[in-house]
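A.B. asks: Predicted model, plus sequence, below.
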Amino acid sequence: MKSSLPKMLQTIGGRPMLAHLLDTSVSMEPEQVHVVVGSGADLVMDACSGYPVNWVHQSERRGTGHAVMTAMPGIPDEAMVLVLLGDHPLIPSTVLSDLIVEKNLPLALLTIELDDPTGYGRILRDPGGNIIGVVEHHDATPHQHEIREVNTGIIMADSTKLRGWLARLDCNNSKQEFYLPDIFAMARAENGEVRGVLAPDFHDLQGANDRRQLAELEKRYRQRRSGELLDAGIQLIDPGRVDVGGKVTAGSDVCIDINVVLKGENRLGDGVYIGPGCVLMNCDLAAGTLVQPHSVLEGVTTTGACDIGPFARLRPGTVLSEGCRVGNFVETKNARLGEGSKASHLSYLGDSVIGSRVNVGAGTITCNYDGANKHQTIIEDDVFIGSDTQLVAPVTVGRGATIGAGSTVTKNAPADSLTVSRSRQTTIPDWKRPVKNKDK
């Protein structure tokens with residue numbers, strides 16, 4: 001990956017690969033989950049600290065068989081062990097359920113068929129179709145290289161049997177590693193049957209060893225999440241150009257345009273429209289809300305239909321009531337706007353409580369930070385604020401007040417009054433603009 005991060009922490013949909021796999025594992029309600037970690041273990045454990053797992057440290061990297069050996073001391077006898085791979089994040093629980101059905105057998109493995117199986121261990125079967133072994137790509141003969149069915153590395157095994165097979169592994173191979181697939185021949189010789197479960201879609205079991213393969217997983221994940229939105233009745237203008245991370249719940253007739261990114265947990269009411277190029281994170285948008293193109297919303301709540309953007313940036317703590325309009329190049333943070341209030345152009349509203357039917361003129365700034373502490377601006381109902389106004393918090397603008405354009409307001413502005421704070425305009429007649437001295 002050419003990265004300072006361990007491979008299991010490379011992200012798919014904005015989350016570590018391992019987190020996706022742990023979500024699937026935990027959803028199947030196992031008695032225990034063991035995660036074998038090596039280089040970068042502290043980073044991996046910190047990133048996935050919220051999961052109920054037992055972390056197992058592998059001090060040496062001596063192959064897949066050795067990794068499973070490392071975990072076995074924490075696994076009781078007569079348990080059924082499902083072995084998964086940390087860099088295969090998108091395997092569906094339904095596929096694993098098909099493998100778990102074979103739990104009465106000492107050993108079963110998951111296989112896939114690939115058009116190009118280069119690099120994968122080939123499945124060897126007898127004339128009756130029973131699995132007799134797996135040969136790694138670099139140890140395979142030219143004839144075996146023609147086999148398209150390959151080993152995924154995912155197995156279901158009886159822990160007592162597995163412990164015995166692992167104890168008999170050797171590292172007499174080109175890499176001098178302990179190969180987990182070598183147990184298949186032992187199981188075949190000992191029990192006579194090794195069941196292979198062929199996964200229906202190899203795309204779900206793809207791993208990632210480089211950035212190209214990681215990009216393919218990202219594409220697959222995006223397709224899967226877009227499909228979930230379509231199944232939920234959400235209209236996607238182009239399903240291939242929507243990035244979905246986290247959870248999305250939506251009402252009816254929701255439309256999401258192209259190049260939209262959804263992160264965290266977002267709730268979209270009936271008839272919500274998200275325009276092209278928007279980013280939403282942890283938002284709760286009421287029915288009828290329109291988010292115009294290229295707007296960025298984080299931690300935003302609308303309690304009624306609102307019009308946002310284009311090119312608006314709404315930060316955490318923004319709450320908009322019915323009929324609010326937050327227009328182009330307006331930024332809000334920890335701001336509450338009452339019904340029908342508008343900030344249509346080029347303004348910053350931070351740490352503000354704004355009443356209903358307030359008009360915020362272009363270029364208005366709430367000066368909420370004194371260099372050390374934040375202060376609140378209160379704007380009561382029916383206030384009109386002229387363009388290019390600075391409200392230096394803490395300050396209150398009374399109900400029905402008007403603030404003249406170009407004012408700097410440092411004291412409370414009384415209700416139903418005009419407040420103006422600007423220098424007197426002066427004209428100097430016959431004034432000449434300086435010109436450049438040609439001698440210099």
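C.D. replies: Arrived safely, thanks for sending.

A.B. asks: Determine the longest strand present in the protein.
C.D. replies: Secondary structure of the chain read by DSSP state E shows that its longest strand is strand 149-158.

A.B. asks: and the angle from the helix or strand just after that strand to strand 149-158?
C.D. replies: Using DSSP states H and E, the helix or strand that follows strand 149-158 in sequence is helix 159-167. Going by axes from the mean of the first three to the mean of the last three Cα atoms, to 10 degrees, helix 159-167 is angled at 120 degrees with respect to strand 149-158.

A.B. asks: Next, the buried residues of the next helix or strand after helix 159-167.
C.D. replies: Following helix 159-167 in sequence order, the next helix or strand is helix 183-191 (DSSP H and E). Neighbour counts over helix 183-191 (16 or more other Cβ atoms under 10 Å) mark 183-188 as buried. Just so you know, the C-beta spots here come from the backbone N, C-alpha and C atoms, and that holds for glycine as well.

A.B. asks: counting contacts, what elements does the following helix or strand past helix 183-191 pack onto?
C.D. replies: Next helix or strand after helix 183-191 toward the C-terminus (DSSP H and E): strand 195-198. If contacts are counted by 3 or more Cβ pairs under 8 Å, 6 or more residues apart in numbering; DSSP states H and E, strand 195-198 sits against strand 107-113.

A.B. asks: Packing partners of the strand it packs on?
C.D. replies: Strand 107-113 sits against helix 93-100, strand 149-158, helix 183-191, strand 195-198, with contacts defined as 3+ Cβ pairs under 8 Å, 6+ apart.

A.B. asks: Next SSE downstream of the longest helix anywhere in the chain?
C.D. replies: Ranked by residue count, the top helix of the chain under DSSP state H comes out as helix 211-231. Per DSSP H and E, the first helix or strand lying C-terminal to helix 211-231 is strand 235-236.

A.B. asks: who touches the helix or strand following that next one?
C.D. replies: Going down the chain from strand 235-236, the next helix or strand is strand 242-244, by DSSP H and E. Strand 242-244 is contacted by residues 13, 222, 225-226, 228-229, 236, 256, 258-262 when judged by Cβ atoms under 8 Å, 6 or more residues apart in numbering.

A.B. asks: Can you give the strand pairings for strand 242-244, parallel or anti for each?
C.D. replies: Using DSSP bridges, strand 242-244 pairs in its sheet with strand 260-263 (parallel).

A.B. asks: For the stretch 1-150 of the chain, just list every one of the strands.
C.D. replies: Secondary structure of the stretch 1-150 of the chain by DSSP state E, counting those that start in this stretch: the strands cover 11-12, 15-16, 34-37, 54-57, 80-83, 107-113, 122-125, 131-135, 149-158.

A.B. asks: among these, which is nearest residue 402?
C.D. replies: strand 15-16 (49.8 Å; Cβ to Cβ).

A.B. asks: Between the helices and strands packed on strand 107-113, which one is closest to residue 409.
C.D. replies: helix 93-100 (58.9 Å).

A.B. asks: How about the closest one, which residues are buried there?
C.D. replies: Residues of helix 93-100 classed as buried by neighbour count (16+ other Cβ under 10 Å): 95-96, 99-100.

A.B. asks: cool, and stretch 252-263?
C.D. replies: Residues of stretch 252-263 classed as buried: 254-263 (neighbour count, 16+ other Cβ under 10 Å).
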